[in-house]
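Enquirer: Next come a sequence and a model predicted from it.
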Amino acid sequence: MVPIQKITLHKLRMQMKNPFQTSFGTLQNKELFIIEIEDGEGNHGYGESVAFTEPWYTEETVWTTEHMLIDFLIPLLMEKPINHPREITERFSVIRRNNMAKASIEGAVWDLYAKRKGISLSEALGGSQQTIDVGISLGIAPTTEELLSRVQEKLDAGYKRVKLKIKPGFDIEPLTEVRKKFPTAQLMADANSAYTLDDLTHLKRLDAFNLMMIEQPLGHDDIVDHAFLQQAIHTPICLDESINSFEDARKAIELGSCKVINIKIGRVGGLTEAKRIHDYCAEKGITVWCGGMLEAGVGRAHNIALTSLPNFTVPGDTAASALYWDQDIIKPEVMVDNGEITVPTGRGIGYDIDHEAMEKFTIAKKVFEF
Ligand SMILES: O=C(O)CCC(=O)C1=CC=C[C@@H](O)[C@@H]1C(=O)O
Ligand SMILES: [Mg+2]
């Protein structure tokens, strides 16, 4: 059993070092919840919520996360005892979607479970990789020169894959320049649904850049048009926004809508569902990699543990804390050495919470005792 005696929602506001620009807007201040669960025996499990303050990536926001946690998910979690964190997906299935809210608390139970067993979260999940490869996702840059210098800097730092954000009007030109300057770099592009099938002729031109993949070129909820597009282009399509569950992944793979899936724990509703998608993709020969949501340290630690599963073969978006934050909320912070992270072997997420830093960024706190 995983006894739960106390749940604390720490609401944090953290300022990003550099604004992150996508085809929808710019992110500078991040609000998030750290969910802390205590078993009354000295163990603390931690999870992090990843919804943004505005619903442009998925429909969830920081505010809906709080509403779901307080009014539905915490009461459901406490309805009867949990024997294994694996049971939570099923328990939460009476609530439609709200996957990021679900994942935030499910992750905290997984961490608590691993800590109680005295094993790492990676081990609890069945991870086998001791080091993981790391890539970087770059926001849209103000100029092509600036983009080239950012790519150069990240490749020099050892990052093993560079993801560029593209949108109509900012695609062929920057990709041409980046490819010219870095002919052998592992490059990919993410459109965050900025195109439609009307852009088919234009999208075919992207085949010239030898990209590892193009992420979510079409509708955020589409798998049909993507299947048509995948037939028409050579570049592998990677789905991000369209895959919110194991069932979505199964259907997309059956339809031939993608060759790659970007697994984000929050988007699919937790570690259990993420692992299920990973296992299914391994069986079907579909490549997976772990995306990021500009998380602080707790969320990154969960991503690192997940990425230690064997079918995570493409470098993930788990870049170093120092690229995002002046000060992170974990100790040590996430360090990337020549494009690799050593998967921690300590109990649970394997990083300690920097309580002082967490207090500093806390803007509200709610405690539930049972
Ligand atoms: O967490 C990171 O380092 C990368 C984040 C990232 O690329 C994204 C996060 C959230 C929305 C998007 O802009 C983008 C993505 O779609 O993967
Ligand atoms: Mg994406």
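Expert: Noted; the coordinates are in hand. Numbering: from 1, shown residues only. Ligands and ions are numbered 1, 2, ... in the order given.
Enquirer: Flag every buried residue along stretch 88-100.
Expert: Neighbour counts over stretch 88-100 (16 or more other C-beta atoms under 10 Å) mark 88, 89, 91, 92, 98, 99, 100 as buried. (C-beta placed from N, C-alpha, C; glycine too.)
Enquirer: got it, and stretch 275-290?
Expert: Along stretch 275-290, these residues count as buried under the neighbour rule (16+ other C-beta under 10 Å): 275-282, 286-290.
Enquirer: export the residues you listed to CSV and tack on distance to residue 24, pLDDT and secondary structure?
Expert: Formatted as CSV, the buried residues of stretch 275-290 follow (distance: C-beta to C-beta, whole Å; pLDDT from 0 to 100; DSSP: H, G, I helix; E, B strand; the rest coil):
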residue, distance to residue 24, pLDDT, secondary structure
275, 29, 98, helix
276, 29, 98, helix
277, 25, 98, helix
278, 28, 98, helix
279, 32, 98, helix
280, 30, 98, helix
281, 27, 98, helix
282, 32, 98, helix
286, 27, 98, coil
287, 26, 97, strand
288, 25, 98, strand
289, 22, 98, strand
290, 22, 98, strand
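Enquirer: so which of those comes closest to residue 208?
Expert: residue 287 (21.6 Å; C-beta to C-beta).
Enquirer: Dig out what the nearest residue to that closest one once chain neighbours are set aside forms beta bridges with.
Expert: Closest residue to residue 287 in three dimensions, ignoring its sequence neighbours and counting by C-beta to C-beta, 6 or more residues apart in numbering: residue 260, at 4.5 Å. Counting by DSSP bridges, residue 260 is bridged to residue 238, residue 287.
Enquirer: How about the secondary structure of whichever residue of the stretch 151-300 of the chain sits closest to ligand 1?
Expert: Ranked by C-beta to the nearest ligand atom, the top residue of the stretch 151-300 of the chain for proximity to ligand 1 is residue 292, at 2.3 Å. Put simply, residue 292 is coil when judged by DSSP: H, G, I helix; E, B strand; the rest coil.
Enquirer: Quick one, grab the pLDDT at it.
Expert: Residue 292 is assigned 97 on the pLDDT scale.
Enquirer: The one 4 residues further on now?
Expert: According to the predicted model, the pLDDT of residue 296 comes to 98.
Enquirer: Check whether residue 137 really touches residue 317, as I assumed.
Expert: Yes - taking contacts as C-beta atoms under 8 Å, residue 137 lies within contact range of residue 317: 4.8 Å.
Enquirer: And residue 18, which helix or strand is it part of?
Expert: strand 6-21 (DSSP states H and E).
Enquirer: in its sheet, what does that strand sit against?
Expert: strand 26-38 (antiparallel), strand 362-369 (antiparallel).
Enquirer: of those, which approaches ligand 2 most closely?
Expert: Of all the strands paired with strand 6-21, strand 26-38 sits nearest to ligand 2, with 13.3 Å by C-beta to the ion.
Enquirer: Around residue 143, count how many other residues there are.
Expert: For residue 143, the neighbour count with other C-beta atoms under 10 Å is 9.
Enquirer: mind listing the helices in the stretch 201-350 of the chain by residue range?
Expert: Remark: helices assigned in the stretch 201-350 of the chain by DSSP state H, counting those that start in this stretch are 224-232, 246-255, 265-268, 271-284, 297-307.
Enquirer: what angle separates the second one from helix 271-284?
Expert: So the one you mean is helix 246-255. For helix 246-255 against helix 271-284, the angle by axes from the mean of the first three to the mean of the last three C-alpha atoms, to 10 degrees is 20 degrees.
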